[in-house]
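Trainee: After the sequence you'll find the predicted model.
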Amino acid sequence: MIVDRAAGTIRHACFRDLPSFLRHGDRLVLNQTRVIPARFGLRRQTGGRIGGLFLSESRTGRWRAMLAGGGRLKIGESLQLERGRHTLTVVEAVGDGEFELELEPPAPAAQVLAAVGRAPLPPYIRRDAESGYSDDLRDKLEYQTVYAREPGAVAAPTAGLHFTPELLDRLATGGVERSFVTLHVGRGTFRPVAVDDLTAHPMHAEWYELPRATVAELATVRAAGGRIVAVGTTSVRVLESCASDAGLRAGSGWTRLLIQPPYEFRAVDALITNFHLPRSTLLALVYAFGGTGLIRRAYADAIASGYRFYSFGDAMLIV
């Protein structure tokens, strides 16, 4: 779907036609985070199974993870990692299903998850095989952008899933180059808004990096009259977290930026995004960028036209 803010128009196309809607001198900004195999299984000494989602590692062997069905766990209880020789001991119940865990024997999380972890597919994607592992290799390949480089995300920056190497080459041939940022998508991205006043929503923190090279590339684009085209809400959050009236500044850290109407965008001229759930901070960002009335009309059109929503769904370009 092509949404034109200035004209207030909505058109339909195929994603492969994207070069027709961008101009020579525009530049894509892509989030190069790489999804890690963050899902894992645990066994209690009683034989019961618990599903886990790795969230972060504060030091080697110290994990923060979400445990499904972990409400009855006790501090000090040891859990056996499935498909591996390691155990995880419950150190602290943080709340909201999250726990601090100690890995024995200690090892880097990336190393352990590479051996035992599975792709962290959203829960609405089901697998028929009882074990849950039948499509694991395919999921690890397909739930990843073709330009993913920096491991750390527990969910894919889904707007980027539409791109193929061939399409990126066609865009480059037409004068649309690409720059990279990193934002490691966290669990909180998909946490529904449960308050009427969005400013009261506890916005999650996500780690980002905006390289100096990207800042220089985007300054050149703006000076030449080109457009900065953010691919995904995650790229928007990086750019806007680093933007001021004086321009972009390179840096890295944690951002809790919540974008909702009204919002003055300083660093983004066009946006490629998927279709998002109601009561989500992602949809609030799209409302702020495209205008609430126009985006509501676009979503009604998408529903009537049979567009697909969610992670592997269809795309919207807002210009």
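Mentor: Looks like it arrived, so ask away.
Trainee: residue ranges of the helices in the stretch 101-250 of the chain, please?
Mentor: All helices of the stretch 101-250 of the chain, identified by DSSP state H, counting those that start in this stretch, fall at 109-116, 136-142, 165-173, 212-223, 233-241.
Trainee: what's next to the second one, contact-wise?
Mentor: Pointing back at helix 136-142 there. Residues from elsewhere that reach helix 136-142, judged by C-beta atoms under 8 Å, 6 or more residues apart in numbering: 37, 118-119, 121. (Glycine included, C-beta is placed from N, CA and C.)
Trainee: got it, and stretch 279-296?
Mentor: Residues outside stretch 279-296 that contact it (C-beta under 8 Å, 6+ apart): 3, 5, 8, 10, 189-190, 192-194, 198, 201, 203, 233, 236-237, 258-263, 265, 268, 271, 273, 276-277, 298, 316, 318.
Trainee: In PyMOL, select just the buried ones from the residues you listed.
Mentor: Of the contacts of stretch 279-296, the buried ones can be selected in PyMOL as follows, counting by 16 or more other C-beta atoms under 10 Å:
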select buried, resi 3+10+189+190+193+201+233+236+237+258+259+260+265+268+271+273+276+298+316+318
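Trainee: Could you tell me which of the contacts of stretch 279-296 belong to strands?
Mentor: Per DSSP state E, strands hold the following members of those: 3, 10, 271, 273, 316, 318.
Trainee: For Asn31, grab the count of nearby residues.
Mentor: When neighbours are counted by other C-beta atoms under 10 Å, Asn31 registers 29.
Trainee: Roughly how far does it sit from His162?
Mentor: 13 Å (C-beta to C-beta, to the nearest Å).
Trainee: Farthest from the middle of this protein: give me that residue.
Mentor: Thr46 (36.0 Å; C-alpha atoms, centre = their mean).
Trainee: Tell me which helix or strand that residue sits in.
Mentor: Assigned by DSSP states H and E, Thr46 falls within no helix or strand.
Trainee: how much space is there between it and Pro261?
Mentor: According to C-beta to C-beta, Thr46 stands 50 Å off from Pro261.
Trainee: In PDB, please show the C-alpha coordinates belonging to the lowest-mean-pLDDT helix or strand in the chain.
Mentor: Every helix and strand in the chain was compared by mean pLDDT, DSSP states H and E; the lowest is helix 136-142, with a mean of 80. What follows is helix 136-142, C-alpha atoms only, in PDB (Å, rounded to 0.1, in the frame of the first residue of the first chain):
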ATOM      1  CA  ASP A 136      13.500 -24.900  13.200                       C
ATOM      2  CA  LEU A 137      16.200 -24.500  10.600                       C
ATOM      3  CA  ARG A 138      13.800 -22.900   8.100                       C
ATOM      4  CA  ASP A 139      12.500 -20.500  10.800                       C
ATOM      5  CA  LYS A 140      16.000 -19.400  11.700                       C
ATOM      6  CA  LEU A 141      16.600 -18.600   8.100                       C
ATOM      7  CA  GLU A 142      13.200 -17.000   7.200                       C
END
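Trainee: pLDDT value on the nearest residue to Leu28 once chain neighbours are set aside, please?
Mentor: Excluding its sequence neighbours, the residue lying closest to Leu28 (C-beta to C-beta, 6 or more residues apart in numbering) is Arg178, at 4.4 Å. Turning to Arg178, the model gives it a pLDDT of 98.
Trainee: How much space separates Arg178 from Phe163?
Mentor: Noted for Arg178: a distance of 9 Å to Phe163, by C-beta to C-beta.
Trainee: Looking at those two, which one has more neighbours?
Mentor: Per other C-beta under 10 Å, whichever of Arg178 and Phe163 has more neighbours is Phe163, with 21 against 18.
Trainee: Go through the helices of the stretch 101-250 of the chain and name the closest to Arg16.
Mentor: Arg16 sits nearest to helix 165-173 of all the helices of the stretch 101-250 of the chain, at 6.4 Å, using C-beta to C-beta.
Trainee: Other residues contacting the closest one?
Mentor: Looking at what lies outside helix 165-173 - C-beta under 8 Å, 6+ apart - the contacts are 15-16, 18-19, 22, 28, 146-147, 177-178.
Trainee: Tell me which residues touch the most centrally placed residue in the chain, please.
Mentor: The residue lying closest to the centre of the chain (C-alpha atoms, centre = their mean) is Pro157, at 3.4 Å. Applying C-beta under 8 Å, 6+ apart to Pro157 gives the contacts 31, 33, 145, 183, 185, 231-232, 234-235.
Trainee: Try it again at 7 Å.
Mentor: By C-beta atoms under 7 Å, 6 or more residues apart in numbering, the contact list for Pro157 reads 31, 33, 145, 185, 232, 234.
Trainee: neighbours around the last one, how many?
Mentor: Spelled out, that is Thr234. Count around Thr234 with other C-beta under 10 Å applied: 30.
Trainee: what's the answer for the fourth one, then?
Mentor: Residues within reach of Val185, counting by other C-beta under 10 Å, total 24.
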